[in-house]
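Enquirer: no sequence on hand, only this structure:
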């Protein structure tokens, strides 16, 4: 998978409130920051249509 594809999938998970890729062992250390950023950024990055 390319870095761009991985980034798109991680962003999609933020939008969908899923955490499959984010729970990967190499990304688990980001959990607290992910929760903080999701709360702050999701309202304007992923607006509902």
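Expert: Good, I have the coordinates. Given the structure is predicted, the values throughout are model-derived calculations rather than measurements.
Enquirer: residue 19 is in contact with residue 13, isn't it?
Expert: Yes. Between residue 19 and residue 13 there is a contact under Cβ atoms under 8 Å: 6.2 Å. (Glycine included, C-beta is placed from N, CA and C.)
Enquirer: pLDDT below threshold where in this protein?
Expert: The model of the chain has pLDDT under 70 over residues 48-49.
Enquirer: nearest to the spatial middle of it, which residue is it?
Expert: Centrality entry for the chain: nearest residue to the mean C-alpha point is residue 14, 3.6 Å, by Cα atoms, centre = their mean.
Enquirer: mind checking the SS state of that residue?
Expert: Following DSSP: H, G, I helix; E, B strand; the rest coil, residue 14 is assigned to helix.
Enquirer: excluding chain neighbours, what is closest to it?
Expert: residue 38 (5.6 Å; Cβ to Cβ, 6 or more residues apart in numbering).
Enquirer: gap between the one you found and residue 20?
Expert: 15 Å (Cβ to Cβ, to the nearest Å).
Enquirer: which of those two has more neighbours?
Expert: Between residue 38 and residue 20, counted using other Cβ atoms under 10 Å, residue 38 has the larger neighbour count: 17 against 10.
Enquirer: any idea which element residue 35 lies in?
Expert: helix 31-45 (DSSP states H and E).
Enquirer: how far off centre is that helix?
Expert: 8 Å (Cα atoms, centre = their mean, to the nearest Å).
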